[in-house]
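Student: coordinates only, sequence not included:
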């Protein structure tokens with residue numbers, strides 16, 4: 001009960017999100033498409049620092065973090081719900097593949113772990129159709145009764161079975177790729193796993209996406225639709 005009261009307090013202070021208008025949705029899609037293409041172009045030129053804005057893993061993660069924050073601000077209210085999921089899947093795919101294109105460096109691993117932990121929290125919020133508050137993280141979507149119009153029901157379509165399956169595949173194959181990537185760390189005279197353990201990174205990599213994978217469980221779809229919506 002105490003946790004529920006705390007969450008209710010958070011929800012009370014949260015600005016009530018509204019579905020994006022068609023114009024807002026169009027601008028959001030245009031911005032994201034441009035940003036993804038710009039990052040992809042810079043990534044392909046990463047070996048030429050004079051031509052690329054993202055010559056290092058650190059600069060790449062910084063750019064992707066801005067995109068992640070923007071995607072999470074899309075309200076989990078139809079018709080925007082599916083856009084948030086689709087673009088987060090795209091970001092996840094790009095991250096899990098592009099990180100491998102940079103040489104592994106022990107100095108970059110903390111930032112990488114921090115980013116992947118943020119991505120884990122992001123997926124947990126999306127799977128539960130929660131609103132993302134930049135200051136406090138994921139909170140339940142609560143709609144005041146006086147804002148509900150009988151002829152315009154507020155819905156939050158849950159992540160589909162197909163999307164869950166794709167996400168699961170991205171995380172499992174991506175994590176395996178990261179393990180192989182880490183094996184190329186420069187650790188003269190020492191096994192890379194021992195080096196990671198000594199540096200305090202091993203547990204973080206062992207626990208990658210543990211929250212998201214636990215939430216998906218058997219990959220069965222939620223039985224309630226809409227999800228994560230309460231009235232007050």
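Tutor: Happy to help now that I have it. The structure displayed is predicted, hence computed values, not measured ones.
Student: which residues in this structure form strands?
Tutor: 131-133, 137-139, 141-143, 229-231 (DSSP state E).
Student: now the residue lying farthest from the centre of the chain: phi and psi?
Tutor: Going by Cα atoms, centre = their mean, the residue of the chain most distant from its centre is residue 189, 36.4 Å out. Note on residue 189: backbone dihedrals following degrees, to the nearest 10 are phi 70, psi 10.
Student: look at it and report its pLDDT.
Tutor: The per-residue pLDDT reported for residue 189 equals 87.
Student: list the contacts of it.
Tutor: Residues in contact with residue 189 (Cβ atoms under 8 Å, 6 or more residues apart in numbering): none are found. All C-beta spots, glycine's among them, are computed from the backbone N, C-alpha and C.
Student: repeat that for 10 Å
Tutor: Residues near residue 189 by Cβ atoms under 10 Å, 6 or more residues apart in numbering: residue 195.
Student: go ahead and confirm residue 74 touches residue 18.
Tutor: No. Counting by Cβ atoms under 10 Å, residue 74 does not reach residue 18; the two are 11.5 Å apart.
Student: for this structure, what spans make up the helices?
Tutor: 2-13, 22-44, 57-72, 81-98, 109-127, 161-182, 192-199, 202-206, 210-216 (DSSP state H).
Student: mind listing what's buried along stretch 35-51?
Tutor: 35-36, 39, 42-43, 46 (16 or more other Cβ atoms under 10 Å).
Student: how much space between the residue farthest from the centre of the chain and residue 62?
Tutor: Remark: distance between residue 189 and residue 62 (Cβ to Cβ, to the nearest Å) = 33 Å.
Student: before we move on, what about residue 193?
Tutor: Distance from residue 193 to residue 62, by Cβ to Cβ: 28 Å.
Student: quick one: which of those two has more around it?
Tutor: In terms of neighbours (other Cβ atoms under 10 Å), residue 193 is the more surrounded of residue 193 and residue 62; the figures are 16 against 13.
Student: that one contacts residue 203, correct?
Tutor: No. Using Cβ under 10 Å, residue 193 is not in contact with residue 203; the gap is 11.7 Å.
Student: if we can go back for a sec, show me the common contact partners of residue 74 and residue 18, please.
Tutor: With Cβ under 10 Å, 6+ apart as the test, residue 74 and residue 18 both reach 24, 80.
Student: and these two? which has more neighbours close in?
Tutor: residue 74 (24 against 13).
Student: burial of the closest residue to that one other than its chain neighbours, as a residue count?
Tutor: If the residues on either side of it in the chain are set aside, residue 74 comes closest to residue 84, at 4.2 Å by Cβ to Cβ, 6 or more residues apart in numbering. Residue 84 is flanked by 23 other residues according to other Cβ under 10 Å.
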